[in-house]
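Fold the following and give me the result.
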Amino acid sequence: MRIQVNSDKNIGTDTRMIAFVEGEVNRFMKRFARRLTRVEVHLSDVNSHKFGTHDKRCRVEVRPAGHRPLTASNGAANVEQAVTGALTKMRNSLETVFGRIAARRAVGDGRGVHAGDGGGTRLRAAAGT
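Numbering: from 1, shown residues only. Predicted coordinates:
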């Protein structure tokens with residue numbers, strides 16, 4: 001998993017900030033690291049020179065191997081909170097996406113059919129008549 005950190009001209013990305021972002025990405029995405037090819041983090045300041053609440057924005061783009069990219073964004077009062085919020089949203093999205101993929105595979109293997117739904121029995125009976 002490759003991590004790339006980008007920012008606009010209003011956010012300074014020194015080595016401390018890059019280390020923080022990479023550490024948070026590794027912490028939040030460690031469950032999915034083998035399944036991700038790249039994680040891009042985009043930091044921006046919405047009002048640039050003006051002060052405001054929730055004017056720091058973080059957008060995370062994740063590229064799962066063999067799937068379309070996913071994005072999540074979060075606005076907060078400072079960059080650290082924006083990064084943490086966006087990564088939390090992304091982790092939740094990845095859990096949903098990979099959970100659905102696993103459920104589809106389980107149904108295809110026959111392990112996902114629950115007792116009482118009768119789906120397989122009806123199909124066989126309809127094919128036999």
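
which sections of this structure are below the confidence cut-off?
Low-confidence segments of the chain (pLDDT under 70): 52, 109-129.

Look up how far residue 39 lies from the residue nearest the centre of it.
For the chain, the residue nearest the mean C-alpha position is residue 90 (2.8 Å; CA atoms, centre = their mean). Note on residue 90: its distance to residue 39, by CB to CB, to the nearest Å, is 8 Å. Bear in mind the C-beta positions are built from the backbone N, C-alpha and C, glycine included.

Could you pull out the strands in this structure for me?
For the chain, the strands defined by DSSP state E occupy 2-7, 36-45, 56-64, 70-76.

Can you give the contact residues for the longest one?
What that stands for is strand 36-45. 1-8, 10-11, 13, 17, 21, 25, 29, 55-65, 79, 82-83, 86 (CB atoms under 8 Å, 6 or more residues apart in numbering).

Can I get the buried ones among the residues you listed as something I can paste into ChimeraX?
Selecting only the buried members of these in ChimeraX, with burial defined as 16 or more other CB atoms under 10 Å, works like this:
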select :1,3,5,7,11,13,17,21,25,29,55,56,57,58,59,60,61,62,63,64,79,82,83,86
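
May I have stretch 30-37 as CSV, with CA atoms only?
Extracted C-alpha coordinates of stretch 30-37, given in CSV (Å, rounded to 0.1, in the frame of the first residue of the first chain):
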residue,chain,number,x,y,z
LYS,A,30,-3.9,-1.8,8.7
ARG,A,31,-6.8,-4.4,8.3
PHE,A,32,-7.0,-3.6,4.6
ALA,A,33,-3.4,-3.0,3.7
ARG,A,34,-3.0,-6.1,1.6
ARG,A,35,-6.1,-5.3,-0.4
LEU,A,36,-5.2,-1.7,-1.1
THR,A,37,-2.8,-0.5,-3.8
